[in-house]
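here is a sequence with its predicted model. Questions after.
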Amino acid sequence: MTSLLPGAVNAQTVSLSDIEVEAEVGIADWERTPGKSQRLIVDVEMAAALDRFSGTVIGDCFDYDRIYRYVTGDWCRQPHTDLLETLAESLVQFCLEDQRVEACRVRIRKPHVYNGRAVPVVEFVRFRPGIAA
């Protein structure tokens, strides 16, 4: 696995993989049909440079349940969105609202667009300002 913080000797990473949601997204005519949603598969990874975890309660950890609730709730209930990139950027920004997150990777797949022959994937990696890649 490629580190989100390659310059960090020690890091904490929390991932949430294979979140399946239905969303109205796309630019093709068939994707713009009102009420036409399609399955998306979302992966999220958050990281911070950390020499040693010294927390003692769940509040000391990255809250992946917060991310799950956002993706399966507010995020996928948005009105039609043309671009996966728009969804990815909004999710990255949501992750970075946690001040402990120094880097975030969001990957979104649309598995049914080409009937199983290919899978479009959008992946964004963002660093908190001031964090070197």
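Cool, got the structure.

any idea which helix or strand carries residue 42?
Per DSSP states H and E: residue 42 is located in strand 38-49.

partner residues bridging the residue nearest the centre of the chain?
Nearest to the geometric centre of the chain sits residue 106, at 3.2 Å (CA atoms, centre = their mean). Legend: beta-bridge partners of residue 106 under DSSP bridges are residue 44, residue 124.

if we can go back for a sec, mind listing what's buried in the strand holding residue 42?
38, 40-48 (16 or more other CB atoms under 10 Å). Heads up, the C-betas are built off the backbone N, CA and C, glycines and all.

biggest helix in this structure, by residue count?
Secondary structure assigned by DSSP state H gives helix 84-96 as the longest helix of the chain.

how many residues are close by the closest residue in space to residue 35 that isn't next to it in sequence?
Among residues not flanking residue 35 along the chain, residue 24 sits closest, at 7.5 Å (CB to CB, 6 or more residues apart in numbering). By other CB atoms under 10 Å, the residues close to residue 24 number 19.

which residues touch residue 24?
Listed by CB atoms under 8 Å, 6 or more residues apart in numbering, the contact set of residue 24 reads 31, 35-38, 78-81.

helices along this structure, start to end?
64-72, 84-96.

most packed of these?
helix 84-96 (a mean of 18; mean count of other CB atoms under 10 Å).

follow-up on the earlier one: ok, the residue nearest to residue 35 to residue 13 distance?
31 Å (CB to CB, to the nearest Å).

where does the prediction get shaky in the chain?
1-2, 6-9, 132-133 (pLDDT under 70).

which non-adjacent residue is nearest residue 62?
residue 14 (4.1 Å).

just list whatever residues bridge to that neighbour.
residue 46.
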